[in-house]
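S.K.: based on what follows, work out the 3D shape:
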Amino acid sequence: MTTQLTLLLVDDEAAITENLAPFLERSGFIILVAGDGESALAKVEASAPDLIILDVMMPKMDGRAVLRQLRQQGDWTPVILLTQVGEAFERAMALEEGADDYLNKPFDPHELVARIRAVLRRARPGERPLTAAQKLTSRNLTFNRLTRRAWLGDEEIHLTPKAFTLLEYLMTHPDELVSRERLLDNVWGWAYPAGTRTVDSRIAELRRVLGDNANDPAFIETVPSQGYRFVAPVQGAT
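M.R.: Presented below is the predicted three-dimensional model:
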């Protein structure tokens with residue numbers, strides 16, 4: 001028998017929690033609800049949820065402050081942030097502070113469930129998420145996120161800035177099917193006038209530099225009509 005996982009849903013908008021909580025329960029989770037950051041911290045301490053869905057904009061204590069306090073206490077419970085701000089710097093700050101993923105409002109509840117399951121698959125109990133790691137390694141590929149440099153074996157590889165950011169996103173979301181539209185949103189940003197061919201061009205660049213074969217991929221798999229998946233295992237380090 002599969003044990004049900006417990007999620008803590010934190011949002012000050014009752015209209016969201018009243019609709020989203022039953023949907024998540026129908027998806028197989030046990031749901032706890034908090035309406036502000038202080039209540040969220042109390043419920044984390046009392047109930048130790050398996051994952052926290054955390055709104056950013058809340059009274060008393062906003063979501064990012066809650067996230068910072070949890071991480072400073074050494075609590076690495078997986079966290080998905082819900083935000084209405086789509087700027088790249090806001091997302092980058094959220095990940096640097098230890099969020100496992102983020103989702104812009106408004107969102108499709110099915111997309112949230114997919115993100116929850118993906119985060120839970122890659123979560124390592126008691127350890128910081130890949131999104132907060134300073135160095136990522138996969139097979140013979142090493143990516144230093146602080147210096148923005150990467151090596152394949154002993155040889156440093158050179159990529160365009162967007163290809164570097166694309167590789168970083170894929171490596172921090174391993175074994176997760178990511179659509180071209182989501183990559184456009186997260187790598188290029190809402191305001192960037194790019195189409196899906198732009199994503200395909202940068203994927204082609206990554207494959208060329210990494211020596212990856214699209215028909216027998218060691219790193220990046222194409223899922224026809226759906227998107228891409230980073231198929232190699234990834235380890236993170238500080």
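S.K.: quick check: pLDDT value at the most centrally placed residue in the chain.
M.R.: By CA atoms, centre = their mean, the chain has its centre lying nearest to residue 101, at 2.8 Å. Residue 101 is assigned 90 on the pLDDT scale.
S.K.: how about the contacts made by the residue nearest to it when sequence neighbours are not counted?
M.R.: Ranked by CB to CB, 6 or more residues apart in numbering and with sequence neighbours excluded, the top spatial neighbour of residue 101 is residue 80, at 4.8 Å. Yep, even glycine has a C-beta here, placed from its N, CA and C like the rest. Residues near residue 80 by CB atoms under 8 Å, 6 or more residues apart in numbering: 51-54, 99-103, 112, 115-116, 119.
S.K.: residue 4 now?
M.R.: Counting by CB under 8 Å, 6+ apart, residue 4 has contacts 28-30.
S.K.: kindly reformat those residues as a markdown table containing secondary structure.
M.R.: Below are these laid out as a markdown table (DSSP: H, G, I helix; E, B strand; the rest coil):
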| residue | secondary structure |
| --- | --- |
| 28 | coil |
| 29 | coil |
| 30 | strand |
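S.K.: filter these down to the buried ones, ChimeraX style.
M.R.: To isolate the buried subset of those in ChimeraX, counting by 16 or more other CB atoms under 10 Å, use the following:
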select :29
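S.K.: which one of the contacts of residue 4 is nearest residue 132?
M.R.: residue 29 (23.9 Å; CB to CB).
S.K.: quick check: the gap between the closest one and residue 66.
M.R.: 20 Å (CB to CB, to the nearest Å).
S.K.: start and end of stretch 222-232, how far apart?
M.R.: 13 Å (CA to CA, to the nearest Å).
S.K.: just the residues contacting that stretch, thanks.
M.R.: If you take CB under 8 Å, 6+ apart as the criterion, stretch 222-232 is touched by 138-139, 141, 170-171, 173-180, 182-183, 199, 203, 214, 217-221.
S.K.: now do stretch 167-175
M.R.: 95, 101, 118, 121-122, 129-131, 133, 136, 138, 143, 145, 150, 159, 178, 183, 186-187, 206, 220, 228-234.
S.K.: just the buried residues out of these, in PyMOL syntax.
M.R.: Of the contacts of stretch 167-175, the buried ones can be selected in PyMOL as follows, counting by 16+ other CB under 10 Å:
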select buried, resi 95+101+118+122+129+130+131+133+136+138+143+145+150+159+178+183+186+187+206+220+228+229+230+232+234
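S.K.: in helices, which of the contacts of stretch 167-175 fall?
M.R.: 95, 118, 121-122, 183, 206 (DSSP state H).
S.K.: from the residues you listed, which one has the minimum pLDDT?
M.R.: residue 95 (69).
S.K.: which stretches in this structure count as helices?
M.R.: Using DSSP H, helices in the chain cover 14-26, 37-47, 63-72, 88-96, 109-122, 161-171, 180-183, 196-210.
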